[in-house]
Each structure stands twice: as structure tokens, then as C-alpha cells.
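Colleague: Sequence plus predicted model, see below.
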Amino acid sequence: MRIVLDTNIFISAALLGRVCEEIIQFCRFGKVNVFISKDIISEIEDKLRLKFLWKSNQVKIFLDNIFKFCHLVEVNEKIILIKDDPDDDKILECAISAKCHYIISGDRHLIKLGSYKNIKILGPTDFLFLIRK
């Protein structure tokens with residue numbers, strides 16, 4: 001199974017734990033192939049530093065842990081789809097470039113799509129239900 005985790009999944013796992021942390025733990029143990037792009041990495045870094053005031057060394061440690069189980073993908077298709085939140089397009093771009101089966105997101109704009117080019121978009125709880133089967 002090939003997936004992309006939205007930035008909000010990483011941030012929620014770092015700050016809140018619970019369902020998103022469980023998803024990250026599942027991914028760490030190689031049960032799925034997780035793909036990430038430079039744009040997603042930048043957004044994670046910016047949010048943790050600027051919005052949540054993490055120190056640079058904290059961000060580095062968090063990102064180093066992400067790199068242990070995520071595969072960096074080169075985005076080869078620019079997408080302009082989510083008019084209400086264009087930042088969400090980077091998630092779609094990564095998923096298309098990596099030929100993913102699923103996008104896992106807590107973002108209402110992406111969830112509302114339901115799917116895009118045969119890539120299912122699931123919320124964190126729905127994804128956990130799927131992988132526990």
C-alpha cells in the first residue's frame with residue numbers, strides 16, 4: 001500500500017498523539033510505503049517552527065524520524081485544484097507523483113474530494129479502521 005500523509009497528520013502526531021501518532025507508529029514499522037515531497041517537508045518545518053514555536057533542533061529531530069520511514073518523491077505534475085486552500089494541492093501532487101493508493105488527511109478540503117484520480121482520500125480514523133482489518 002502506497003500512501004501520502006498530509007502535513008496535519010504529522011503535526012497532530014507531534015502535538016497531540018492519539019490517532020495520528022498511531023498512524024505514524026504503523027508507518028514506522030513498514031506496514032505501508034509512505035511518500036513525502038520537499039514541499040510537504042517544508043510545510044511541516046514551517047508550521048512547527050513558526051506556528052508552534054519549536055526550536056530548530058526539535059524540528060530537526062522530528063524530521064529525522066520522518067525520514068526513517070518516508071520515501072522522498074520528486075513531484076512531476078503541478079496541480080491547481082483546491083481553490084479554497086491551494087496549499088492542499090501539494091498533497092495531491094505528491095500522491096500522483098508517487099502513484100499512491102491513499103491520502104490520509106484531516107483537512108476538510110481534501111476529505112470533501114473523497115478521491116482524486118483513483119487515489120482515495122481518508123480521514124485518520126477511517127484509515128486506522130482500514131489497516132486494522
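Modeller: Happy to help now that I have it. Numbering: from 1, shown residues only.
Colleague: need the contact list for Val4.
Modeller: Val34, Phe35, Ile36, Ile40, Ile91, Cys94, Ala95, Ala98, Cys100, Tyr102, Ile103, Ile104 (C-beta atoms under 8 Å, 6 or more residues apart in numbering). No exception for glycine: its C-beta is placed from N, CA and C like everyone else's.
Colleague: now with 10 Å?
Modeller: Neighbour list for Val4: 34-37, 40, 70, 73, 90-98, 100-105, 119, 121 [criterion: C-beta atoms under 10 Å, 6 or more residues apart in numbering].
Colleague: What subset of the residues you listed is buried?
Modeller: Buried residues within the contacts of Val4, defined by neighbour count using 16 or more other C-beta atoms under 10 Å: 34-37, 40, 70, 73, 90-98, 100, 102-105, 119, 121.
Colleague: Identify those among those that sit within helices.
Modeller: In this view, those that belong to helices under DSSP state H are Ile40, Lys90, Ile91, Leu92, Glu93, Cys94, Ala95, Ile96, Ser97.
Colleague: Near the nearest residue to Leu92 once chain neighbours are set aside, how many other residues are there?
Modeller: Leaving aside its chain neighbours, Leu92 sits nearest to Ile79 (4.9 Å; criterion: C-beta to C-beta, 6 or more residues apart in numbering). Neighbours of Ile79 under the rule other C-beta atoms under 10 Å: 19.
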